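Visitor: Model the structure of this input:
(one chain, ligands or ions: 1)
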Amino acid sequence: MRATISALAHYVPEDVYDNHWFAERIDTTDEWIRTRTGIKERHFLKEGGVSEILTKAAIKCLERRGIGPEEVDCIIVASVTPDRIFPATAAIVQRKIGAVNAWGFDLAAACSGFLNALVTAAKLVESGAVRNVLLCSGDKMSAILDFTDRATSVLFGDGGGAVFVEPSADESLGIVDFILRMDGNGEPHLHQKAGGSMRPPTAETVANREHFVYQEGQTVFKSAVIGMADVSYEIMERNKLTSDDVAWLVPHQANLRIIDATANRMGLSADKVMVNIDRYGNTTAGTIPICLSELYEGGKVHKGDYLVLSSFGAGYTWGAILLRWSIPDIS
Ligand code: ACO
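Guide: Coordinates of the predicted model:
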């Protein structure tokens, strides 16, 4: 049995913050942000936690699949900005959508959260342990951004998506292959200093601004360029596909220069690369499901198409999934 994505949807908060909004507050320019990252604007959620985003995406996803919440077997939430450290945001989403028969859990793999969760969901389905998984993946990055730090605050946005994972009716379609990697030596270069059990919150950690994203941008950039390109190329090669066979590269949206380097390595032209970083910035676990959902809604992905999904993020964690699209065109 092979698992597939049978329905999907996304949600991005309404409020838009363009680069000029930052330029009016910190020492940066629209030009610097655009040329170094490809970002023009991002969306921030004003009220509530990430479950607000994920619940909206989940409800729409189930509507598109045409089933009720009580038919969901398992909910996985991928996020590094859960509503609370506990209970799991999966439980919060379960209550909000009324998925009374579902069990579930949260998974934290930062920007690779969606890929790790999709592989986990697929394996749960393929083993027969569950009939289906509602995978909700996204972040409210604005909750952990230091808006006085020009190097990181301009990079991120809020948003997420939901995908329904179940057995594929056609064995040739669905999640074909995956590569997932991790290197814990990345921790010093990208982390949140305080708030966990190693450094619990105190007045001092708050005063020192230790609850925000800490990133050494250039160090992470160097590893990301190599890591994301390597796995994207490797998954294509080991499945004996050429750039002509791949309909879409759906990359994590952290920096347009990292995306371009990955596409170059795969020999893909720009018209086969999904990019929306200009509108949303880096929504961490949200980027890939939002990209997939926009491709679907735009009628740009068709049954039988080969897609390479790839990511790089905190940990470090990185990976690629080869997906053969199984959903008929949106009507
Ligand atoms: N506006 C103006 N100048 C800035 C800004 C800004 N917003 N931010 C930094 N600068 C300055 C720096 O101070 C530096 O100035 P200096 O040369 O006088 O010291 C200069 O611009 C260059 O800074 P760099 O950090 O070297 O810039 P770089 O070209 O590397 O771009 C960036 C920075 C965009 C962060 C890039 O390094 C990057 O994309 N890194 C990878 C991000 C990533 O993939 N993260 C993983 C996923 S995130 C996750 O998992 C949560």
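
Visitor: For the stretch 1-150 of the chain, which residues are neighbours of the ligand?
Guide: For the stretch 1-150 of the chain, the residues in contact with the ligand (CB under 6 Å from any ligand atom) are 28, 32, 33, 36, 37, 110, 111, 150. All C-beta spots, glycine's among them, are computed from the backbone N, C-alpha and C.

Visitor: Mind doing that once more with 5 Å?
Guide: 28, 32, 36, 37, 110, 111, 150 (CB under 5 Å from any ligand atom).

Visitor: what distance separates the start and the end of stretch 95-115?
Guide: 25 Å (CA to CA, to the nearest Å).

Visitor: re the thing from before, mind putting the residues of the stretch 1-150 of the chain next to the ligand into CSV with secondary structure, pLDDT and neighbour count?
Guide: As requested, these are exported to CSV (DSSP: H, G, I helix; E, B strand; the rest coil; pLDDT from 0 to 100; neighbours: other CB atoms under 10 Å):
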residue, secondary structure, pLDDT, neighbour count
28, coil, 97, 18
32, helix, 97, 15
36, helix, 96, 16
37, helix, 96, 22
110, helix, 97, 24
111, helix, 98, 29
150, helix, 97, 18
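
Visitor: For residue 299, state which of those residues is nearest.
Guide: Checking those against residue 299 with CB to CB, the nearest one is residue 111 at 27.2 Å.

Visitor: Quick check: the most centrally placed residue in the chain vs the ligand, distance?
Guide: With distances taken as CA atoms, centre = their mean, residue 285 lies nearest the centre of the chain, 2.8 Å away. Look at residue 285 and the ligand: by CB to the nearest ligand atom, to the nearest Å, they are 9 Å apart.

Visitor: Just the pLDDT for that residue.
Guide: Residue 285 carries a pLDDT score of 98 in this model.

Visitor: got a list of contacts for the longest helix seen in the chain?
Guide: Assignment by DSSP state H gives helix 217-238 as the longest helix of the chain. By CB atoms under 8 Å, 6 or more residues apart in numbering, the residues outside helix 217-238 that reach it are 151-152, 177-179, 181, 186, 189-190, 242-243, 245-246, 249, 251-252, 254-255, 257-258, 261-262, 264-266, 308, 310-312, 316, 318-322.

Visitor: I'd like to know which elements the helix or strand following that helix is packed against.
Guide: Of the helices and strands lying after helix 217-238 in sequence (DSSP states H and E), the nearest is strand 246-251. If you count contacts as 3 or more CB pairs under 8 Å, 6 or more residues apart in numbering; DSSP states H and E, strand 246-251 packs onto helix 217-238, helix 256-266, helix 287-297, strand 306-313.

Visitor: how much does strand 246-251 deviate in direction from helix 256-266?
Guide: 150 degrees (axes from the mean of the first three to the mean of the last three CA atoms, to 10 degrees).
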